[in-house]
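1. Sequence first, then the predicted structure:
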Amino acid sequence: MEILNQLSSQKGDKTEISNQIVAEKCIANPRLLGEIAVGFEENDKNLQSDCIEVFTLISEKKPELVVPYAENILSLLYRKESKTRWEAVHTLSFIADKVPDIICSILPVLQSLVKKDKSTIVRDYAMDTIANYAKVSAETSEKSYELLKYALALWGEKHAKQVFRGFNYVLDNCSDLKAEINLLVQPYLSANKKIVAAEAKKIVKRTNDKK
């Protein structure tokens, strides 16, 4: 599989430039994605990380190309290498609203990552995945909302930006939660992080709207 030999770790490239080039080749010829997905099961951990990074790069631009491989990605959530985990969950965050059944099946895994993962980046992307899952319907919003509340109670301001983004998607589908979300967000109007305070202000304004 020649395409695997073009990845950063295989070429001695300490940057992601080689992976970006491979991602563009895969976008131009989506059949190559199948060869990249084979790399998920390789024993070479650097190669494994490269392969899922390529998927992340593609999912950001052409998420529909990655959707058929969603189930292949799930095993990477359990890998020891934090980079592999965060690229895996980052990829899932881009396609979460396109594969709701798969995301529903791993909600306990995402909750575990939010609770236990030592990597801040992994936790961020896990919450992004949960937030984007809320876009699909009232049902997915309700399930997402419970995990977003859990994350906010557990981490507070640290991951509030991701939580509040999810709250906005929840409100799109569940306007009956306006009052409750308003109360949850109120304490963050004076958050130390300016971005968190700004997002809290926007949500409070939205949830105070009587229309």
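-> Yep, that arrived.

2. residues contacting residue 111?
-> Taking CB atoms under 8 Å, 6 or more residues apart in numbering, we find residue 111 in contact with 147, 150. For the C-beta atoms, the positions are set from N, CA and C on the backbone; glycine is no exception.

3. So which residues of this structure form strands?
-> The residue ranges that make up strands in the chain, judged by DSSP state E, are empty, as it has none.

4. which strands and helices sit next to the worst-scoring helix or strand of it on mean pLDDT?
-> In the chain, no helix or strand scores lower on mean pLDDT, DSSP states H and E than helix 8-11, which sits at a mean of 90. Packed against helix 8-11 by the contact rule (3 or more CB pairs under 8 Å, 6 or more residues apart in numbering; DSSP states H and E) you find helix 17-28, helix 45-61.

5. who touches that helix?
-> Surrounding helix 8-11, the residues in contact under the criterion CB under 8 Å, 6+ apart are 4-5, 14-19, 44, 46-47, 49-50.

6. just stretch 197-211 next, same as before
-> Looking at stretch 197-211 with CB under 8 Å, 6+ apart, the contacting residues turn out to be 160-161, 164-165, 167-168, 171, 178-179, 181-182, 185-186, 188-191.

7. one step back: mind putting the helices and strands packed on helix 8-11 into a markdown table with mean pLDDT, mean neighbour count and distance to residue 145?
-> As requested, the helices and strands packed on helix 8-11 are exported to a markdown table (pLDDT from 0 to 100; neighbours: other CB atoms under 10 Å; distance: least, CB to CB, whole Å):
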| stretch | mean pLDDT | mean neighbour count | distance to residue 145 |
| --- | --- | --- | --- |
| helix 17-28 | 96 | 18 | 33 |
| helix 45-61 | 96 | 23 | 24 |
